[in-house]
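Colleague: Based on what follows, work out the 3D shape:
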Amino acid sequence: MKLFTRQLQPSPEMKERVTAVERIVGYDFVDKTLLQEALTHPSSCRPYSYQRLELLGDSALNHAVTKYLFCDSRKFNEDEITNRRKDTVSNPNLARIGARLRLYDYLLRHNTPDLDDQVAKFTEGVIKGKDMTGSPGYKVLADVVESVAAAVYVDLNYDLDELWKILKPLLDLEKSDCLMKTRESDSMLGYIASLLYTLGAKAYRVIISLLVFCLRGMILLVIVCVWAKLSDCFAK
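Modeller: Presented below is the predicted three-dimensional model:
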């Protein structure tokens, strides 16, 4: 059952911002003042800002992603759940999502030229596919994503499953999978390097010799295939 039985409208100055973000998120708020609060920066000199919601959003996102990964058919172990959750709800990743959704454009703020410039540069880098981890301005983008998530969560009467249905399409879960595969690959390479170091130079030379042998075999196979094709052509 909903907590609210009537539409609670935002202030006139926030109406367009709220409506735009509702379209972006794909959710029509019952209490639209929740989204108004989520889109209010501390610099706006209002008696409220997104900071309280941001705190709740951080917790709700962690819980929702943890539950999703725990119930996944791939049966991730505790380390995999931890790493995948970190990749999904880390501030850098949430900032990339915020930049992609252009949420900062709808944030009510006052006299923040430096922050505006930092966010603009971060967003431009994200759009161009650059790694902007650690760049100035990313924190506020992550904060807005968390505060909007919390606003949805509260409006849904704290229904985590419904929250996940709305947020899942917005979160970059494929990127989390890619990061996990990269981490596993790096881990395997590190293991091989450690093993070679332990075995010593002699084992290293043996493995290099095997690799060279395999490479020569592949080259020879290619030559044979090409020669066979050419022979067929000449025969015709």
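
Colleague: got the contact list for the closest residue in space to His41 that isn't next to it in sequence?
Modeller: Take His41 and drop its neighbours on the chain: the residue closest to it by C-beta to C-beta, 6 or more residues apart in numbering is Arg109, 3.8 Å away. Every residue, glycine included, has its C-beta placed from N, CA and C. Going by C-beta atoms under 8 Å, 6 or more residues apart in numbering, Arg109 touches His41, Ser43, Ser44, Leu115.

Colleague: There's contact between the last one and Tyr138 in this structure, I believe.
Modeller: No - applying C-beta atoms under 8 Å as the test, Leu115 and Tyr138 come out as separate, 11.2 Å apart.

Colleague: that older thread, tell me the phi and psi of the residue nearest to His41?
Modeller: phi -150, psi 170 (degrees, to the nearest 10).

Colleague: picking that back up, quick check, nearest of the contacts of Arg109 to Ser147?
Modeller: Nearest to Ser147 among these is His41, at 10.0 Å by C-beta to C-beta.

Colleague: Domain ranges for this structure, per the record?
Modeller: Annotated domains of the chain cover 12-186, 200-235 [automatic domain parsing].

Colleague: tell me the secondary structure for Asp129?
Modeller: Let me fix one detail, which is that residue 129 is Gly and not Asp. Secondary structure, DSSP: H, G, I helix; E, B strand; the rest coil: Gly129 is coil.
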